[in-house]
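Undergrad: could you look at this predicted model? Sequence included:
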Amino acid sequence: MQSGLAKSNKWILEYITSDTGISPLMGWESSKDTLSELKLEFSTKDLAVEYAKKNKLEFDLIESKERKITKKSYADNFTN
């Protein structure tokens, strides 16, 4: 399986809520906190950190990992 790199240069701020429950109508997990549905995108890490500090939000910064790309031929799928 190959994963694409589209939109991998954005920094995303997500609100995490612990106010979850089960919807009695459908039985799905739901939340009354609408911030759990909000995702903010930033073009740089510095802008994201600045926004979080300005709005006094606690945050965890998760850096992206370096991808290890192993090039191989299609024929390698059939050889041992």
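TA: Looks like it arrived, so ask away. Residues are numbered from 1 along each chain as shown.

Undergrad: any figure for the gap between the residue positioned nearest the centre of the chain and residue 38?
TA: Residue closest to the mean C-alpha point of the chain, counted by Cα atoms, centre = their mean, is residue 12 at 6.5 Å. Distance, residue 12 to residue 38, using Cβ to Cβ, to the nearest Å: 11 Å. (Glycine included, C-beta is placed from N, CA and C.)

Undergrad: re earlier: report the beta-bridge partners for the residue nearest to the centre of the chain.
TA: For residue 12, the beta-bridge partners under DSSP bridges are residue 41.

Undergrad: list the buried residues in stretch 8-19.
TA: 11, 13 (16 or more other Cβ atoms under 10 Å).

Undergrad: and that stretch, how far out from the chain's middle?
TA: 6 Å (Cα atoms, centre = their mean, to the nearest Å).

Undergrad: what's the answer for stretch 29-47, then?
TA: On Cα atoms, centre = their mean, the centre of stretch 29-47 falls 10 Å from that of its chain.

Undergrad: stretch 69-80 too?
TA: For stretch 69-80 - counting by Cα atoms, centre = their mean - the centre lies 31 Å from the chain centre.

Undergrad: who are the neighbours in contact with the residue nearest to the centre of the chain?
TA: 39, 40, 41, 42, 48 (Cβ atoms under 8 Å, 6 or more residues apart in numbering).

Undergrad: burial count for the fourth one?
TA: Other residues lying near residue 42 total 16 when counted by other Cβ atoms under 10 Å.

Undergrad: distance of it relative to residue 64?
TA: Applying Cβ to Cβ to residue 42 and residue 64 gives a distance of 14 Å.

Undergrad: list the buried residues for stretch 46-56?
TA: In stretch 46-56, counting by 16+ other Cβ under 10 Å, buried: 48, 52.
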